[in-house]
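**Student:** need the 3D shape of this:
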Amino acid sequence: MPHMASDQSKATHQTDLIIIGAGPAGLFAAYYAGFRGMKVAVVDSLPELGGQISAMYPEKKVLDVAGFPSILGRELVAGLVEQAASADPTYFLDCTATGLESGEDEVTITLEDGRKLISKAVIITAGIGRFTPRPLPAANDWQGDDVVFFVKSFEDFKDQDVVIVGGGDSAFDWAHHLEGISRSTALVHRRDAFRAHQATVDAVMAGSTEVITKAQVVELHGDPSAAGGTLEKVSIKLVDGTTEERPAQKVIAALGFVADLSAMREWGLEIDQRQIKVDTDMRTTLDRVFAAGDITDYPGKVRLIAVGFGEAATAVNNAAPLIFPGQSVFPGHSSEGS
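**Tutor:** Numbering: from 1, shown residues only. All right, here's what the predicted structure looks like:
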């Protein structure tokens, strides 16, 4: 089991390296830091490990990780968590880092609850920053599992009537994977053009999913306050002004998300658009602060999970001499014997 920070009353936690972000790059950085002999703390605003993969597409196949022709998102995260466990990192989950102060000898991170983490270096692997799903206005009064923004397990939709709202990759991926699992699936999109990969669109169109375009879900019927889920049907308004009803026990609102880097913008980092500028060592403009993964930018940057792994190792290796004066940047190959 991952080592979670348990003493909420403890005001200060001291460690060698703080990693902000528990997605793939952050988890690999935690492992690699342990390989270099560092004590590690990992902070993430989400309540679970895995970042965007766990929150948005745990059941989606990932095809661009070396050594795995195809691997489900949740399986990749499980492997990364197991690998990181060798470093025995302390996880601060469901915690947002709101403050950062870099000094000559150490860096202090302040969490939103007031606790402080102190280390010799920090690596920011926060992906797109803190993100929240875009709401479905018709579902504002609904709580619980009737309306969801991410699919964590397709079994939750077994033998259910499902309505998916959206026209992007997530919407079509989930519709495609629900084929043969849900009792029925309808995909509702306000336009007749889609942002999803064409091959996935074609697969959904060829399946049993009912695709309803130029339409919006305008009302959910049932009892939004009841426990256990009582959604019965949805009302869909078409572009011609007519409204039709469709049975539904589950609604998936796949309307994208809003990324928030507001806290990081106050730290003094050089941020262009939504990326932190780094050099070839993965150093930011702040002393003892590095970054890796999708949140970084430099000439020739390619945003792939595989690239993030390499950047994480680069950041850890360049942080090592700051944490252990006298150590070299290059540690030797991990496959070598002692």
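
**Student:** okay, CA-based contacts and neighbour counts for the rest of this
**Tutor:** OK.

**Student:** count of neighbours near the spatially closest residue to Leu72 that is not a sequence neighbour?
**Tutor:** Leaving out its chain neighbours, the residue that sits closest to Leu72 by Cα to Cα, 6 or more residues apart in numbering is Lys61, at 4.3 Å. If you count neighbours by other Cα atoms under 10 Å, Lys61 ends up with 16.

**Student:** I'd like to know how far Lys61 sits from Phe28.
**Tutor:** Remark: distance between Lys61 and Phe28 (Cα to Cα, to the nearest Å) = 19 Å.

**Student:** same check on Pro58?
**Tutor:** Distance check for Pro58 against Phe28: by Cα to Cα, it reads 18 Å.

**Student:** repeat for Ile20
**Tutor:** As judged by Cα to Cα, Ile20 and Phe28 stand 12 Å apart.

**Student:** who touches both of these two?
**Tutor:** Residues touching both Ile20 and Phe28 (Cα atoms under 8 Å, 6 or more residues apart in numbering): none.

**Student:** what residues does stretch 87-104 touch?
**Tutor:** 2-5, 20, 30-35, 38-49, 107-113, 263-264, 266-267, 286-289.

**Student:** buried residues in that stretch?
**Tutor:** 87-93, 95-100, 102 (16 or more other Cα atoms under 10 Å).

**Student:** returning to what we had before: the residue nearest to Leu72 reaches Arg74, doesn't it?
**Tutor:** No. Applying Cα atoms under 8 Å, one finds Lys61 not in contact with Arg74, separated by 9.1 Å.

**Student:** strands of the stretch 101-250 of the chain, residue ranges please.
**Tutor:** Secondary structure of the stretch 101-250 of the chain, counting by DSSP state E, counting those that start in this stretch: strands at 107-111, 116-119, 121-124, 130-133, 147-148, 161-165, 184-188, 210-212, 215-221, 233-238, 243-247, 250-253.

**Student:** quick one: which of these has the weakest pLDDT on average?
**Tutor:** The weakest mean pLDDT among the strands of the stretch 101-250 of the chain belongs to strand 130-133, with a mean of 70.

**Student:** care to break the protein down by domain?
**Tutor:** According to automatic domain parsing, the chain comprises the domains 3-132+258-323, 135-253.

**Student:** okay if I get these as TSV plus distance to Pro331?
**Tutor:** Formatted as TSV, these follow (distance: least, Cα to Cα, whole Å):
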stretch	distance to Pro331
domain 3-132+258-323	7
domain 135-253	38
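
**Student:** tell me the most buried of these?
**Tutor:** Most buried of the domains of the chain, by mean neighbour count (mean count of other Cα atoms under 10 Å): domain 3-132+258-323, with a mean of 19.

**Student:** pull up the distance across that one, start to finish.
**Tutor:** Start and end residues of domain 3-132+258-323 are separated by 22 Å (Cα to Cα).

**Student:** what about that domain, distance to the chain center?
**Tutor:** 11 Å (Cα atoms, centre = their mean, to the nearest Å).

**Student:** now swap in stretch 165-184 and tell me
**Tutor:** On the basis of Cα atoms, centre = their mean, stretch 165-184 sits 20 Å off its chain's mean C-alpha point.

**Student:** span of it from start to end?
**Tutor:** End-to-end distance of stretch 165-184 (Cα to Cα): 14 Å.

**Student:** who's in contact with it?
**Tutor:** For stretch 165-184, the external contacting residues (Cα under 8 Å, 6+ apart) are 56-57, 60, 151, 154-155, 157-162, 164, 185-190, 193-197, 200-201, 203-204, 207-209, 216-217, 251-256.

**Student:** related to what we said a few turns ago, just the ones of the contacts of stretch 87-104 in strands?
**Tutor:** Applying DSSP state E to the contacts of stretch 87-104, the entries found in strands are 3-4, 20, 40-44, 107-111, 289.

**Student:** name the nearest of those relative to Val81.
**Tutor:** Lowest distance from Val81 to these (Cα to Cα) belongs to His3, with 10.8 Å.

**Student:** ok, now how distant is the closest one from His176?
**Tutor:** To His176, His3 is 36 Å away according to Cα to Cα.

**Student:** and if you look at Asp88?
**Tutor:** Per Cα to Cα, Asp88 is found 38 Å from His176.

**Student:** can you list contacts of the top helix by length along the chain?
**Tutor:** In the chain, with assignment by DSSP state H, the single longest helix is helix 305-323. Helix 305-323 is contacted from outside by 16-17, 24-26, 28-29, 32-33, 36, 64-66, 120-121, 123, 281-283, 288, 290-294, 327-331, using Cα under 8 Å, 6+ apart.
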